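Visitor: build the 3D model from these lines:
(chains A, B and C)
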Amino acid sequence: MQNPKQKSRQLALVDCNNFYVSCERVFRPDLINTPIVALSNNDGCVISRSNEAKALGVKMGQPWFEVKALAEEHGILALSSNYALYADMSNRVMSILHEFTPHQEVYSIDESFLELTGIQNLKSISYQIKQKVMKCTGIPVCVGIGPTKTLAKLANHIAKKHPRSKGVFNFNDLNESQKDSLLGKISVGEVWGIGRRLSQRLASYNVVTVQDLKLAHTATLRAQFGVVIEKTQRELCEHSCIELTEVEPAKKQIVSSRSFGQMVTDLNALKDAVSLFTANACQKLRAQNSHASMIQVFLCTNRFRPELPQYNPCISVPLPQPSNDTVHINRWADYLVGKMFKEGYQYKKAGIMLSEISASTHRQMDMWEPQEQADTNLMRTLDAINTRYGRGTVTVSTQGAYKSWQMKQERKSPNYTTDWSSAPEA
DNA sequence: TCTCCGATTAGAC
DNA sequence: CTAACGGTCTAATCGGAGA
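Guide: Numbering: from 1, shown residues only, chains lettered A, B, ... in the order given. Take a look at the predicted model:
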């Protein structure tokens, strides 16, 4: 029996356009019409493109060195990613969206689902959302509305793609035959949850368009592709199976790792790098009020250079008791790096993973090992300073090895929103 | 045979 | 001049080990 309330559900997916690039443009309005891209860590790959850059054929995820010639030819400007800036802009956008409904799921740095069920004149509300976000943050967004998350996502895709929609598309406004014909024109790969591999495999079953997937034989689909796709199909049929998650669940594992700007051969540099990763991972752990009881540390050589000797060691250790103390966990991490390290390899990446994560509240305390209290105060202070003045302001130790592994970021914009000294001169 | 576990796969952004 | 290719996270699934 279908719940009649569910039928009239109105879910919006608000997605920022070309988010990282748009953030950069807020502080560099002179770049409004130039083709620009933002690069991943180490200036490795293109991860955000302005419309002009897309039009010139720059692909998402493309390695920068492949794009370089094209970029020089057409004057495409590349910027190193500035996550402090993007996170800050994201927070502003998300809090504005929150003003339109109490029921919001912040799905990613640039997307939010909003429950708008029961609200009248959705079209006008959607334009108000767009305008308010633009006015208050300078970030352009598109709004897609549908009866399920999957359809809201698809509606957003349509809003982005068709200029006539002016950035807003409501799937619920269509009649049945309009829906059929529209879904028949969109390829399955555009559906949330259907990636490249699945699209390819689906094609061999003659499932090519969204409409094909909607009408596919459910039992076969499930047998061949699993439960996830069955949910997706139901969502396309307007049966909501994926709920709004308004409170972000605590992470079950926390990884902090990074490729280095250069190859690293020195043990102390590796230890230095891992100690910073450990500090970041532990801060995330404390931010969600958790403790971890398993830590894993890994080193990697450069897999893109198969002619060089390869070595990718990885050790995990269970902690005697759960911890979120940077100093404590770093002692283990440091020890593990030393244990795994072998001369004669050029290391390109390292990292730490914290797992077996439990809530701090119901942590088993070991009655024979008191102490701790002093350390948690230290950690609180550390977090406060780093939150106030930026990540990495205070770290556990670094004897200057930093520069030998530091990320390559040759094209970073200033920290406009988090650093006074970066503010443009009046 | 059942269950548990780690590794692998696929997807998102 | 050359070499240069991200980082997190989750859920499902699979195959082997052990009960």
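Visitor: for residue A:255, helix, strand, or coil?
Guide: strand (DSSP: H, G, I helix; E, B strand; the rest coil).
Visitor: that one and residue A:285, how far apart?
Guide: Applying C-beta to C-beta, to the nearest Å, the value for residue A:255 to residue A:285 is 11 Å. In this view, the C-beta of every residue, glycine as well, is placed from N, C-alpha and C.
Visitor: between those two, which contacts overlap?
Guide: residue A:354 (C-beta atoms under 8 Å, 6 or more residues apart in numbering).
Visitor: in terms of neighbours, single out the busier of these two.
Guide: Comparing residue A:255 with residue A:285 by neighbour count (other C-beta atoms under 10 Å), the higher total belongs to residue A:285, at 25 against 16.
Visitor: could you check how far that one is from DNA strand B?
Guide: To DNA strand B, residue A:285 is 20 Å away according to C-beta to the nearest atom of the strand, to the nearest Å.
Visitor: can you tell me the closest non-neighbouring residue to that residue?
Guide: Excluding the flanking residues, the one nearest residue A:285 by C-beta to C-beta, 6 or more residues apart in numbering is residue A:324, at 4.5 Å.
Visitor: list the contacts of the one you found.
Guide: So residue A:324 contacts A:282, A:285, A:286, A:290, A:291, A:292, A:360, A:379 (C-beta under 8 Å, 6+ apart).
Visitor: now residue A:76: closest residue in space that isn't a chain neighbour?
Guide: residue A:35 is the one closest to residue A:76 (C-beta to C-beta, 6+ apart), at 4.4 Å.
Visitor: now that neighbour, what are its backbone angles?
Guide: Residue A:35 adopts backbone torsions of phi -70, psi 120, taken as degrees, to the nearest 10.
Visitor: from memory it sits against residue A:50, does it?
Guide: Yes: Residue A:35 is within contact range of residue A:50, at 5.7 Å (criterion: C-beta atoms under 8 Å).
Visitor: who has more neighbours, these two?
Guide: residue A:50 (26 against 22).
Visitor: got the domain boundaries for chain A?
Guide: As given by automatic domain parsing, the domain ranges for chain A are A:4-16+A:86-236, A:19-82, A:254-362+A:374-405.
Visitor: can you list these in CSV and add mean pLDDT and distance to DNA strand C?
Guide: Listed next are the domains of chain A as CSV, based on pLDDT from 0 to 100; distance: least, C-beta to the nearest atom of the strand, whole Å:
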stretch, mean pLDDT, distance to DNA strand C
domain A:4-16+A:86-236, 93, 3
domain A:19-82, 93, 3
domain A:254-362+A:374-405, 82, 3
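Visitor: residue A:243 is nearest to which of those domains?
Guide: domain A:4-16+A:86-236 (8.3 Å; C-beta to C-beta).
Visitor: any idea how far that closest one is from the chain center?
Guide: Domain A:4-16+A:86-236 sits 18 Å away from the centroid of its parent chain (C-alpha atoms, centre = their mean, to the nearest Å).
Visitor: does it reach DNA strand B?
Guide: Yes: Domain A:4-16+A:86-236 reaches DNA strand B (C-beta under 7 Å from any atom of the strand) through A:107-111, A:153, A:191-199.
Visitor: so which other helices or strands are in contact with the longest helix along chain A?
Guide: When chain A is parsed with DSSP state H, its longest helix is helix A:267-287. Counting by 3 or more C-beta pairs under 8 Å, 6 or more residues apart in numbering; DSSP states H and E, the packing neighbours recorded for helix A:267-287 are strand A:254-264, strand A:290-301, helix A:326-340, strand A:347-359, helix A:373-389, helix A:402-405.
Visitor: how far off strand A:347-359 does it point, in degrees?
Guide: On the basis of axes from the mean of the first three to the mean of the last three C-alpha atoms, to 10 degrees, helix A:267-287 is oriented at 30 degrees to strand A:347-359.
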